[in-house]
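> what would the 3D arrangement of this be:
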Amino acid sequence: MSLDSELKELVKQWLAYDDEIKSLRKAVSDRSKLQKKIGEQILEFMDENEIQDLKTTKGNLKYHISEKKVNPTPEDVRVKLMEKLGNPKMVQEVYDSIYNSNNDTIERVSLKRTADSKSKSSDKSNSNSESNKHKGKTSKKANPIGGFAPINYNQNNRRSYNQNNENDFDW
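Next up, the predicted model:
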């Protein structure tokens, strides 16, 4: 099996799984919405009738109240710092070191499926072409599938290949 046909087969499988996952997520989302709606009705009934536990053959339902601490907002942090430190300049330095720091970034690599750029570009008017003019660099290099194709570099210098010749993928 050649590298080209192996890659095509892998991409076809990945796209098939992606489609299946999307439909399953939609089904889960629909059922979760229904379950939440029914759950609210059950909680209302239990509250009105002062029922704490419902015992069924498939498990027990318990009327449960929990408390969770709310995370402080950046403004809350600023106010607390001002209360403790009293020095606006020092408060601003500490605040900036916490909220305006780029030290806490990580890079994750993943495969994402996007809509076909041909259909998107035909939907947009030419008024956006000026704003999209400088979004990414393009160069022409040999791509790993064979032949030459434009390679677009996104903002993170990641390559994306555009094949518009007889080697087009047909998936």
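> do you know the pLDDT at Asn162?
The model reports Asn162 with a pLDDT of 46.
> could you list the low-pLDDT ranges of the protein?
In the predicted model, the chain carries pLDDT under 70 at residues 1, 102-104, 117-171.
> please enumerate the helices of it.
Listed in chain order, the helices of the chain (DSSP state H) span 3-48, 74-85, 88-99, 117-123.
> what would those look like in TSV with distance to Thr57 and mean neighbour count?
Glycine gets a C-beta too; all of them are placed from N, C-alpha and C. Output for the helices of the chain, formatted as TSV (distance: least, C-beta to C-beta, whole Å; neighbours: other C-beta atoms under 10 Å):
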stretch	distance to Thr57	mean neighbour count
helix 3-48	16	11
helix 74-85	48	13
helix 88-99	52	12
helix 117-123	52	9
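> nearest to Leu61, of these?
helix 3-48 (6.8 Å; C-beta to C-beta).
> now Asp47. Nearest residue, chain neighbours left out?
Tyr63 (7.0 Å; C-beta to C-beta, 6 or more residues apart in numbering).
> how close does that neighbour get to Leu43?
Remark: distance between Tyr63 and Leu43 (C-beta to C-beta, to the nearest Å) = 7 Å.
> buried ones in stretch 55-64, by neighbour count?
Leu61 (16 or more other C-beta atoms under 10 Å).
> hey, C-alpha coordinates of it in CSV?
Provided in CSV are the C-alpha atoms of stretch 55-64 (Å, rounded to 0.1, in the frame of the first residue of the first chain):
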residue,chain,number,x,y,z
LYS,A,55,-36.2,4.6,46.0
THR,A,56,-36.6,2.8,42.7
THR,A,57,-35.5,-0.6,41.4
LYS,A,58,-32.9,1.1,39.2
GLY,A,59,-31.4,3.2,42.0
ASN,A,60,-32.2,6.0,44.4
LEU,A,61,-32.9,9.6,43.6
LYS,A,62,-31.9,12.0,46.4
TYR,A,63,-32.9,15.7,46.8
HIS,A,64,-29.4,17.2,47.4
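> run through who's touching that stretch.
Residues from elsewhere that reach stretch 55-64 (C-beta atoms under 8 Å, 6 or more residues apart in numbering): 42-43, 46-47, 51-54.
> CSV please, covering those residues and showing distance to Glu9.
Output for those, formatted as CSV (distance: C-beta to C-beta, whole Å):
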residue, distance to Glu9
Ile42, 48
Leu43, 50
Met46, 53
Asp47, 56
Ile51, 56
Gln52, 56
Asp53, 54
Leu54, 51
